[in-house]
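Undergrad: what's the 3D shape of this:
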Amino acid sequence: MANGQTATGLRAEWHEDDAVSESAAEDFSEALAGVQRLLSRLGVRSFRIQTIRLRLAGESSSRRIHMRLAPELVIPAGDGRPIAVVTVGARSGSWLVSVRGPLPDVLTTDRRKPEEIADVVLGALALTREVS
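TA: As a prediction, this is how the structure comes out:
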């Protein structure tokens, strides 16, 4: 895996301005946990990824740079590959949903409406079942 890539393949490379504060990361993680519970009740498997990037800025370990990225909720398809990745936009606070397809789409929806995330995920899962 190249530097700046995630295991999911649906997320763009990291940039310095992708960092979020510890409190924002915790808030986003709690919000994703709610979406994860909703999906679980609907019979959809998912898992959360927390990414902390450390970069040493010299030989002393006290000179390290710590960057926390917004957590991600990954929804695997039947083949185990991610069909969708959900995160919270660091600036907008909206849900960002990346969906696998011929050209992956990124959908944005209001954070107060996690049921919209469930609809998108269920639709994406239904499409993968029709194709296979």
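Undergrad: I figured residue 86 hits residue 70, correct?
TA: No - counting by Cβ atoms under 8 Å, residue 70 is not a contact partner of residue 86; they are 10.3 Å apart. In this view, the C-beta of every residue, glycine as well, is placed from N, C-alpha and C.
Undergrad: which one of those two has more residues nearby?
TA: Neighbours were counted for residue 86 and for residue 70 using other Cβ atoms under 10 Å; residue 86 has more, 27 against 21.
Undergrad: hey, C-alpha coordinates of stretch 107-116 in PDB?
TA: Extracted in PDB, the C-alpha atoms of stretch 107-116 (Å, rounded to 0.1, in the frame of the first residue of the first chain):
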ATOM      1  CA  LEU A 107     -22.600  11.400  -2.200                       C
ATOM      2  CA  THR A 108     -23.300  14.100   0.400                       C
ATOM      3  CA  THR A 109     -26.200  14.100   2.900                       C
ATOM      4  CA  ASP A 110     -27.300  15.900   6.000                       C
ATOM      5  CA  ARG A 111     -25.700  14.500   9.200                       C
ATOM      6  CA  ARG A 112     -29.100  14.700  10.900                       C
ATOM      7  CA  LYS A 113     -30.400  12.000   8.500                       C
ATOM      8  CA  PRO A 114     -28.500   8.800   9.000                       C
ATOM      9  CA  GLU A 115     -31.400   6.900   7.400                       C
ATOM     10  CA  GLU A 116     -30.400   8.400   4.100                       C
END
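Undergrad: who's in contact with it?
TA: Identification of contacts with stretch 107-116 by Cβ atoms under 8 Å, 6 or more residues apart in numbering yields 31, 34-35, 38, 88-89, 92-97, 99, 117, 120.
Undergrad: and residue 121, its phi and psi?
TA: Dihedral pair for residue 121: phi -60, psi -50, per degrees, to the nearest 10.
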